[in-house]
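# Return a 3D structure for these sequence lines:
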Amino acid sequence: MLTGTSVAAINRFSRAAGYKGFADLKAQLGVELQSALESAEKPGNPQAASELPALSRAIVEASTAPQIPLVAGEIMKARRVWLVGFGSSTYLAGYALHALTPFVDFVTSISGEGGTEEATLRLARCGKGDLMIAFSLPLYSKDTVHLARFARTRGVRVVAVTDSANSPLAEVAQSLLLVPAAHPVLPSSSLGMLAVIEALVTKVVKLNPDAARLARELTDSVLPHLTF
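The predicted structure follows:
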């Protein structure tokens, strides 16, 4: 090593940072670097638009995956449901919160103002019997992985909604919902994740025996604020 640092010291540093060792750290850095380079090259790729039909097919497949009913069942059985996502995934976690709130006893998004410090504070009450749904699209957020690991140490079951089994979040989760995220210009597309969220909420509504009553109550409560 040019710095004079021993291999053992580098491996200890890598494990302290949450990786299995230096080889794992290099592999993850390589994935992140490749993702960043690809997103920078996309705007200049004249053939990128040809990817769109394949993306549409992949979205349909993802939103009808057999894992969705299983995760919906986990949501209904959970004591509390925690949602987390950073970057563009913050807004996806927020949409999931909006859609699930009428039909789930306790669901909250820990993403928002204050960054990771506040998110960790909000998550302090998590524990056994809870469920975390973590959203992560390229470019991946280290904070999402960190909070998912923290939740696992508290006995929380973690579901990852991400684009690839090679996503850093995938190795932390017990359940995995894979969504297509390729986009001809942007670093990633949110369309697949939105479709999966809506498919997931649909299954939750079907599993909730009080869904019809809750939907009527929600409509009655917001009706005075609507215009036609």
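# Can you show me the helices along this protein?
7-16, 22-41, 52-63, 67-77, 89-100, 115-122, 142-153, 191-207, 211-222 (DSSP state H).
# nearest to Met132, of these?
helix 142-153 (4.6 Å; CB to CB). C-betas here are computed from N, CA, C, even on glycine.
# follow-up on the earlier one: would you single out the least confident of the helices of the chain?
Among those, helix 22-41 has the lowest mean pLDDT, at a mean of 58.
# picking that back up, in TSV: the helices of the chain, plus distance to Glu171 and mean neighbour count.
Shown next, in TSV, are the helices of the chain (distance: least, CB to CB, whole Å; neighbours: other CB atoms under 10 Å):
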stretch	distance to Glu171	mean neighbour count
helix 7-16	14	13
helix 22-41	10	14
helix 52-63	20	15
helix 67-77	17	16
helix 89-100	18	20
helix 115-122	19	14
helix 142-153	9	19
helix 191-207	19	20
helix 211-222	35	11
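# could you dump these to CSV with distance to Leu176?
Output for those, formatted as CSV (distance: least, CB to CB, whole Å):
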stretch, distance to Leu176
helix 7-16, 24
helix 22-41, 17
helix 52-63, 11
helix 67-77, 7
helix 89-100, 15
helix 115-122, 22
helix 142-153, 12
helix 191-207, 11
helix 211-222, 26
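# Which of those helices sits closest to Leu178?
Using CB to CB, the helices of the chain put helix 52-63 closest to Leu178, at 6.5 Å.
# what is the orientation angle of that closest one with helix 191-207?
30 degrees (axes from the mean of the first three to the mean of the last three CA atoms, to 10 degrees).
# which ones are touching the residue positioned nearest the centre of the chain?
Central residue of the chain (CA atoms, centre = their mean): Phe135, 1.0 Å from the mean position. Taking CB atoms under 8 Å, 6 or more residues apart in numbering, we find Phe135 in contact with 83-85, 89, 92-93, 96, 144, 161-162, 193.
# Who are the contact partners of the closest residue to Val179 other than its chain neighbours?
Among residues not flanking Val179 along the chain, Gly192 sits closest, at 3.8 Å (CB to CB, 6 or more residues apart in numbering). Contact analysis of Gly192 by CB under 8 Å, 6+ apart lists 55, 58-59, 62-63, 163, 179-181.
# at 10 Å instead, please
55-56, 58-63, 137, 161, 163, 177-183 (CB atoms under 10 Å, 6 or more residues apart in numbering).
# Pull the number of nearby residues for Ser141.
24 (other CB atoms under 10 Å).
# Relative to Leu207, how far out is it?
Relative to Leu207, Ser141 is positioned 30 Å away (CB to CB, to the nearest Å).
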